[in-house]
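S.K.: okay, sequence plus prediction incoming.
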Amino acid sequence: MTFFENGIIILYLASLGYLGFLGYKQTKNSADYLLAGRDTHPFIMAMSYGATFISTAAIVGFGGVAAWLGNAILWLTFANIFIGIFIAFVVFGNPTRKMGLRLNAHTFPEFLGKRYQSKFIQMSGGVLILLFMPLYTSAVLIGGTQFVATYFGVNYHIALLVFSIIITGYVLAGGLKGVMFTDALQGVIMFVAMFILLVMTFDALGGVESAFAKFTTVWEHTVAPLANVPMKELKPGSADFMMKLSMNWGFQGWDKMPQFLSEGWLFIVTTITMGVGLGVLAQPQLVVRFMTVKSKNELNRGVVIGGIFIFVVMGSAYLVGALSNVWYYEFNEGKNALQSAGGIEKVIPHFINSALPRWFSFIFLFALISAAMSTLSSQFHTMGTAFGRDFFEQLSSKKFNSLHVTRFGVVVMILISVYLAYQFDNQPAVIARSTAVFFALCASIFLPAYAGGLFWKRMTKKGVIASMAVGAFVSTFWLLFVHFQEAKVLGLCQLIFGTNSLLSGKIIFVDSLVIALPLSALTAIVVSLLTKPDDQAHIDKCFND
Amino acid sequence: MGSFDLGVGMAFWLMNASALLCVIYGVIYWNKDKQEKPINMAKWNKDEDKINEEL
């Protein structure tokens, strides 16, 4: 490693340390620690939202999926921008901010609990976060650590320890202020790196039109010949096996949608676009960002910053992922991306090292570390608040200082996540599915309660509890016993019934959210209409200044 | 983008259009909500101080 590279690493760590210290200096009370004092600058809020939204898995994982399945995945970028930013900020943002202020809510579960006057709802929300977020967090932790360990050639466990200690430092000291300040810096690094990546890729391929025009040729030469090869003749998991599988699922090229209602179409539309795109609306660590600004103006300005950020970062990852096939075909003996890199998750790192100069690999390393750290710090903070504020304080009859309890919660949850990352580093399939599980559960359990709480005065506590129960039950059932990815990996269905899924055919490609969300929403509406409306004075307090 | 079929082409252009929508919306409403009532923050700060004093 050169002197210059060492200098950059020290500068990066020093910047994180300084921003964490800044957060610590500005944290005087629990509101500062939990909600960054409710006066965050729109740039910091929007960059923090975006950087939290996008983890290493989103860039490396979904970038690799784009190399495998092509530009159909751009539907997810559209959903991320339109639903994840525009709808989230414009429709949900300000009502959340105002109601949170009226009810003096500091966390997402507390927001739901106070809206419906139910400790049970607050504690259930906290417990759900405590049960499922550590797995999701350890997935991000494993991804980030493996990248650091590979790049620097250090032991995985040592890398994990150092990585965790750095994040713990600024989350523990600076609270949400520390988290958001560092997120903003990390978001800028991600933005710059992904923008350069896109420009350099187009440049290497002779321009935008020229690059896209070559997809058909590459597909015809590297994938189409597999049409007559039986699956059993291909090695499971190999590049050709995966490409043949994509053909069997209805994919017809990197520039084409899979056949309508084919397995591939259901996977792209329900699991990737709807599962991830809609799931983001009820993510506790993102919703709480809306309560950190002082007026609607900040949210309006955040729409511009967040929209451009997601457009560049996600758009670049997916476009470059798909275009890597063209680059490899032209510069690596006529092979496609999977044939060259050897696996879906290896495509983006392999492409960066093969196609781009060394100095850019170094910048990109920082983008990936930043993506992991920004997501992790928010997850640690959210889990800490769920433990301290939503669970421990509600359970205890004594009054505690929220700040101390939350800090204690952060430490406990970091220890659990790091322990899981140590335990599961050799079983990435199980842990990787936990991200999808968390997204699906959040949407099915929280979204009807959250949306109803903001926009429907007639929504009742009983309606919400019934809706959350149905959402939790249906999601869990679908994930454990039906959906082709999770049911197989989790293995409970195989253990009990001797099969990977209780159903067969295309239905097993439909994401749990598509089944569970409508049912939980319907339950919320029906039960609310059948039960006594909530106290009018409380409704007035929630909705009127 | 000439090689994109209708589905992928729609995704590509909707992605661009939604980013543009974010920019246009944000610019138009950059400073439109000056009428925000300050009493909310005042009341909230008071509650917060009270809680911190109790602790």
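M.R.: Good, I have the coordinates. Just so you know, these numbers come straight off a predicted model, no measurement behind them. Residues are numbered from 1 along each chain as shown, chains lettered A, B, ... in the order given.
S.K.: use CA for all of it now, contacts and neighbours both
M.R.: Noted.
S.K.: the residue nearest to residue A:458 when sequence neighbours are not counted: how many residues sit nearby?
M.R.: What sits nearest to residue A:458 in space, not counting adjacent residues and going by C-alpha to C-alpha, 6 or more residues apart in numbering or on different chains, is residue A:533, at 6.0 Å. The number of residues packed near residue A:533 is 15, by other C-alpha atoms under 10 Å in any protein chain shown.
S.K.: roughly how far apart are residue A:533 and residue A:1?
M.R.: 66 Å (C-alpha to C-alpha, to the nearest Å).
S.K.: same check on residue A:405?
M.R.: Where residue A:1 is concerned, residue A:405 sits at a distance of 42 Å (C-alpha to C-alpha).
S.K.: over to residue A:488?
M.R.: Counting by C-alpha to C-alpha, the gap from residue A:488 to residue A:1 is 43 Å.
S.K.: so between the two, which is more surrounded?
M.R.: Each of residue A:488 and residue A:1 has its neighbours counted (other C-alpha under 10 Å); residue A:488 has more, 19 against 6.
S.K.: which element is that one on?
M.R.: In this assignment (DSSP states H and E), residue A:488 forms part of helix A:484-490.
S.K.: okay, now the residue nearest to residue A:27 when sequence neighbours are not counted: neighbour count?
M.R.: Leaving aside its chain neighbours, residue A:27 sits nearest to residue A:33 (5.9 Å; criterion: C-alpha to C-alpha, 6+ apart). Number of residues near residue A:33 (other C-alpha under 10 Å) recorded here: 30.
S.K.: which elements pack onto the helix or strand where residue A:33 lies?
M.R.: Residue A:33 belongs to helix A:30-35 when assigned by DSSP H and E. Contacts defined by 3 or more C-alpha pairs under 8 Å, 6 or more residues apart in numbering or on different chains; DSSP states H and E place helix A:30-35 against helix A:156-204, helix A:402-423.
S.K.: could I get the ones you listed as JSON lines with mean pLDDT?
M.R.: Shown next, in JSON lines, are the helices and strands packed on helix A:30-35 (pLDDT from 0 to 100):
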{"stretch": "helix A:156-204", "mean pLDDT": "91"}
{"stretch": "helix A:402-423", "mean pLDDT": "86"}
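S.K.: so for chain B, which of the ones you listed sits nearest?
M.R.: Nearest to chain B among the helices and strands packed on helix A:30-35 is helix A:402-423; the distance by C-alpha to the nearest C-alpha comes to 9.0 Å.
S.K.: following that closest one in sequence, what is the next regular element?
M.R.: Toward the C-terminus, helix A:402-423 is succeeded by helix A:428-455 as the next helix or strand (DSSP H and E).
S.K.: which other helices and strands does the following helix or strand past that following helix contact?
M.R.: Scanning forward in sequence from helix A:428-455 by DSSP H and E, the next helix or strand is helix A:461-481. Contacts defined by 3+ C-alpha pairs under 8 Å, 6+ apart place helix A:461-481 against helix A:428-455, helix A:484-490, helix A:492-497, helix A:512-530.
S.K.: so which of the ones you listed comes closest to residue A:414?
M.R.: helix A:428-455 (16.4 Å; C-alpha to C-alpha).
S.K.: what's that closest one packed up against?
M.R.: On a contact count with 3+ C-alpha pairs under 8 Å, 6+ apart, helix A:428-455 meets helix A:94-103, helix A:108-115, helix A:119-152, helix A:277-279, helix A:461-481, helix A:484-490, helix A:512-530.
S.K.: lowest average pLDDT across those?
M.R.: When the helices and strands packed on helix A:428-455 are compared on average pLDDT, helix A:484-490 comes out lowest at a mean of 79.
S.K.: can you give me the strands in chain B?
M.R.: Under the criterion DSSP state E, chain B carries no strands.
S.K.: if you rank every helix and strand of it by mean pLDDT, what lands last?
M.R.: Least confident helix or strand of chain B, by mean pLDDT, DSSP states H and E, is helix B:39-54 with a mean of 62.
S.K.: residues in the stretch 301-450 of chain A within reach of chain B, list them.
M.R.: Within the stretch 301-450 of chain A, the positions near chain B by C-alpha under 8 Å from any C-alpha of the partner chain are A:301, A:302, A:303, A:304, A:305, A:307, A:308, A:311, A:399, A:400, A:401.
S.K.: which SSE is immediately downstream of the host helix or strand of the third one?
M.R.: Pointing back at residue A:303 there. Counting by DSSP H and E, the element that carries residue A:303 is helix A:296-331. Later in the chain than helix A:296-331, the nearest helix or strand by DSSP H and E is helix A:337-341.
S.K.: contact partners of that next one?
M.R.: A:67-68, A:239-240, A:324-326, A:328-329, A:332, A:344, A:347, A:350-351 (C-alpha atoms under 8 Å, 6 or more residues apart in numbering or on different chains).
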